[in-house]
Every structure is written in structure tokens, then in C-alpha cells.
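# using only what follows, build the 3D model:
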Amino acid sequence: MDKKENKIYDVFLSHSHKDAECVESFAEKLEDDHNIKVWLDKWILIPGEPFRQKLAKGLKTAKTCAVFIGKETPIGWFNEEISKALNIQIKHKDFRVIPVLLPGSDESYINDFLELRTWVDFRKGLDNKRSFHELFCGIKGIKPGRELTCSDYNMQQLKKKLRGIEEVSPLVEKSVKREVQKMILIEYFIKGKNE
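Residues are numbered from 1 along each chain as shown. Prediction:
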């Protein structure tokens with residue numbers, strides 16, 4: 001955690017196992033559509049191995065922690081994860097802990113320390129674009145502003161991919177590079193229209 005290069009995840013997703021399916025859909029959208037590197041227990045932990053040390057290491061290698069609050073008050077190990085994340089934030093001011101309210105949750109479920117942080121509210125539905133934008137901005141450490149910037153960030157990522165293809169080895173023919181760039185553009189615009 002002391003060195004920037006040790007942070008290999010943009011966000012650690014902390015959640016109750018009762019909300020695992022919902023949180024996994026957030027993880028997929030963050031990684032697939034927004035190029036956010038996610039630490040999700042289901043994707044990282046190897047069955048049969050002790051998990052507490054892996055969870056602690058996951059928190060230490062993430063730049064932020066999103067704490068998903070569902071229909072029940074956080075208890076057990078989930079509560080310990082929250083405490084660990086808040087302790088990391090005390091030591092490292094650039095580490096953000098983002099409470100995320102899921103449908104059916106209640107503000108009273110947010111403990112005294114989490115309530116001091118700005119939260120993201122999905123209680124009206126998981127498809128709320130403004131709420132997802134706020135989550136994205138919290139993870140990236142940028143101000144949400146008036147307009148949705150997720151798409152602006154996606155455009156930057158698209159340009160980066162296209163430049164990367166251009167810079168590929170001179171052994172690759174220009175026509176092949178152009179075809180790959182066309183495929184990337186088609187995928188980007190088809191995905192954009194489906195959102």
C-alpha cells in the first residue's frame with residue numbers, strides 16, 4: 001500500500017454475500033464498459049484457501065473501496081472489512097471509502113463512520129445512470145459535475161486503444177491495423193447504442 005505501483009486494483013468491492021449477485025453485475029459493468037480494475041472476492045479467492053488474509057491484501061492493493069449496503073445491516077466479516085477500509089483511509093488520505101446504497105437498503109444501515117462519507121444511492125434502481133456516474137467518479141477520484149462524464153472517460157479509453165493499435169510493431173501491415181481499429185470502433189458504438 002505504501003508504493004503506488006502496489007495498487008493493482010481501482011476498487012475493492014465490499015459486500016454481504018446476500019448481495020453477491022447484484023454486486024457482481026456492478027463489477028462486470030465497471031470492468032467491461034469502463035475499464036475499471038475490480039477486486040471481487042468471487043473472482044479472486046481460490047476455493048478451499050483461507051480468505052481473511054486475501055481480503056485484507058485485496059483492500060491494501062486497491063485504490064478505493066466501494067461498500068455495498070443491501071437490505072440488512074452489515075454484520076460479521078463484512079463489518080470487519082468496512083473497519084479495515086476505514087483504517088486504511090485514515091493512514092492514506094487518497095484512499096476513498098464509498099458507501100453504495102442498494103435497493104431495499106436504509107440510511108440507518110450506514111454505521112457512524114461510513115455516514116461521514118458521501119454515498120452513492122441506487123435505492124431507486126440499479127439502472128440509475130446518475131448514480132452509476134457518481135460511483136465511477138468516486139472510484140476515479142474526480143468530481144461528478146453536472147454532466148455525466150463516464151462517456152467522456154470511455155472516449156478517452158477508445159482513443160488510447162486506437163493509438164495503441166497504431167503503435168503496434170512495424171511488422172504489422174497498415175491495412176491490418178486499420179481493420180482492427182474498425183472492429184474496435186464498431187464494438188464501441190454498438191455497445192454505446194445498447195446502453
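# okay, CA-based contacts and neighbour counts for the rest of this
Noted.
# partner residues bridging the most centrally placed residue in the chain?
By CA atoms, centre = their mean, the chain has its centre lying nearest to V11, at 4.7 Å. Beta bridges link V11 to V38, judged by DSSP bridges.
# which secondary element of the protein has the worst mean pLDDT?
helix 150-166 (a mean of 64; mean pLDDT, DSSP states H and E).
# tell me where the chain has strands.
11-14, 38-39, 64-69, 96-101, 120-121 (DSSP state E).
# R52 is nearest to which of those?
strand 11-14 (12.8 Å; CA to CA).
# how far out from the middle of the chain is the closest one?
Averaging C-alpha positions (CA atoms, centre = their mean, to the nearest Å) puts strand 11-14 7 Å from its chain's average.
# out of the strands of the chain, nearest to L45?
Nearest to L45 among those is strand 38-39 (9.8 Å), distances taken as CA to CA.
# quick one: list the elements packing against that closest one.
Packing partners of strand 38-39 (3 or more CA pairs under 8 Å, 6 or more residues apart in numbering; DSSP states H and E): strand 11-14, helix 20-34.
# distance of A56 from I139?
19 Å (CA to CA, to the nearest Å).
# those two: who's more crowded?
Shown here are A56 and I139; by other CA atoms under 10 Å, I139 has more neighbours (22 against 14).
# doesn't T64 make contact with the more buried one?
Yes: look at I139 against T64 with CA atoms under 8 Å: they come within range, at 6.1 Å.
# shared neighbours of these two, anything?
By CA atoms under 8 Å, 6 or more residues apart in numbering, I139 and T64 have these common neighbours: D10, V11, R96.
# tell me which of those residues is nearest to L185?
Lowest distance from L185 to these (CA to CA) belongs to D10, with 25.1 Å.
# okay, that closest one and L45: tell me how far apart.
Noted for D10: a distance of 17 Å to L45, by CA to CA.
# can you check E107 too?
Counting by CA to CA, the gap from E107 to L45 is 30 Å.
# neighbour count: these two, which is higher?
More crowded of E107 and L45, by other CA under 10 Å: L45, with 16 against 12.
# where in the protein is pLDDT low?
Within the chain, the stretches with pLDDT under 70 are 1-6, 73-80, 82-83, 87, 108-116, 147-159, 162, 169, 187-195.
# end to end on stretch 45-55, go ahead and measure it.
End-to-end distance (CA to CA), stretch 45-55: 8 Å.
# so how far is that stretch from its chain's centroid?
From the chain centre to the centre of stretch 45-55 is a distance of 21 Å (CA atoms, centre = their mean).
# same question, stretch 165-179
32 Å.
# about what we covered before: which of the strands of the chain sits closest to K129?
When those are compared (using CA to CA), the closest one is strand 120-121, at 10.9 Å.
# quick one: distance of the closest one to the chain centre.
That offset, for strand 120-121, works out to 14 Å (CA atoms, centre = their mean).
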